[in-house]
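Peer 1: Generate a structure from the sequence data that follows.
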Amino acid sequence: MFYEVDEALRALVRADVVGSSQVDLAFEAPTREWASRRNAPTINMYLYDIREDLRRRERGLVNSYDDRGFVRERHHPPRHFKATYLITAWTQRPEDEHRLLSALLYGFLRNETIPQELLTGRLAEIGLPVTISVALPPPEDRSFADVWSALGGELKPSLDVVVTAPVDDGRRFPAGPPVEAGLAVGVSDGVRTDRPRRRHRPTEAAGS
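Peer 2: Below you'll find the predicted structure:
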């Protein structure tokens, strides 16, 4: 699922932010070693946190119907996971980095969801929105300084982008065949029997 989110983000940024400009897109951890190898303007989208959105968890089973309206199978409702990306711009000048970050901010604000045509794989099959939130305050148990410290790098201007994606576990539970009309239930010697109900013709009048 995360690879599909990566590809959708790549397509969105390429189509709506950088266009045909010579800007590389990377998903590696922006460590000092990585920064030293960089030789072109780069937008880095580093996935560093994954959490389930427990507010959206549902219980029970969901019915799937066939073309006649009968229940064909049942499955668990999708669960939603929040993938958080640290978005940074890397150029030779801070002014150019700020321009790239501004373009990214506008691009994410224009797209509250990833366009359906950019989704692939299971994200496309499930048919539910994949939402985007940008520059929200971090959770209380996490700060941006902590993230940079863990990466071993110096604090740098960044955008925190959260992509919330639905996940289907893929399990399906076939439903039993539908009950057909016209069955009669009887008991014979303590044994239940199901048999078709016979329709009797009305008796013709005598002498007719």
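Peer 1: ok, and what's touching the top helix by length along the chain?
Peer 2: If you go by DSSP state H, the chain has its longest helix at helix 94-110. Outside of helix 94-110, the residues within contact range by Cβ atoms under 8 Å, 6 or more residues apart in numbering are 12-13, 16-18, 23, 41, 43, 87-91, 132, 134-135, 157-159, 161. (Each C-beta comes from the backbone N, C-alpha and C, glycine too.)
Peer 1: hang on, residue 114 packs against residue 163?
Peer 2: Yes: using Cβ atoms under 8 Å, residue 114 makes contact with residue 163 at a distance of 7.3 Å.
Peer 1: Who has more neighbours out of these two?
Peer 2: Applying other Cβ atoms under 10 Å to residue 114 and residue 163 shows that residue 163 carries more neighbours, namely 25 against 20.
Peer 1: Could you pull out the helices in the protein for me?
Peer 2: With helices called from DSSP H, the chain shows them at 2-13, 32-37, 94-110, 121-126, 144-151.
Peer 1: Least reliable of the ones you listed by average pLDDT, please.
Peer 2: Comparing mean pLDDT over the helices of the chain, the weakest stretch is helix 144-151, at a mean of 78.
Peer 1: CA-only coordinates of it, as CSV, when you get a sec.
Peer 2: Only the C-alpha atoms of helix 144-151 are listed here, as CSV (Å, rounded to 0.1, in the frame of the first residue of the first chain):
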residue,chain,number,x,y,z
PHE,A,144,10.1,17.9,14.0
ALA,A,145,13.4,18.5,15.9
ASP,A,146,13.2,14.9,17.1
VAL,A,147,12.8,13.6,13.6
TRP,A,148,15.8,15.5,12.4
SER,A,149,17.9,14.4,15.4
ALA,A,150,17.0,10.8,14.6
LEU,A,151,18.1,11.3,10.9
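Peer 1: coming back round to it: need the overlap of contacts for residue 114 and residue 163.
Peer 2: 8-9, 130, 132.
Peer 1: now those residues as JSON lines including neighbour count?
Peer 2: Output for the shared contacts of residue 114 and residue 163, formatted as JSON lines (neighbours: other Cβ atoms under 10 Å):
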{"residue": "8", "neighbour count": "24"}
{"residue": "9", "neighbour count": "24"}
{"residue": "130", "neighbour count": "23"}
{"residue": "132", "neighbour count": "21"}
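Peer 1: would you turn those residues into a markdown table with distance to residue 58?
Peer 2: Below are the shared contacts of residue 114 and residue 163 laid out as a markdown table (distance: Cβ to Cβ, whole Å):
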| residue | distance to residue 58 |
| --- | --- |
| 8 | 24 |
| 9 | 26 |
| 130 | 18 |
| 132 | 22 |
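Peer 1: quick one on the thing from earlier: show me what counts as buried in the longest helix of the chain.
Peer 2: 97, 100-101, 103-105, 107-108 (16 or more other Cβ atoms under 10 Å).
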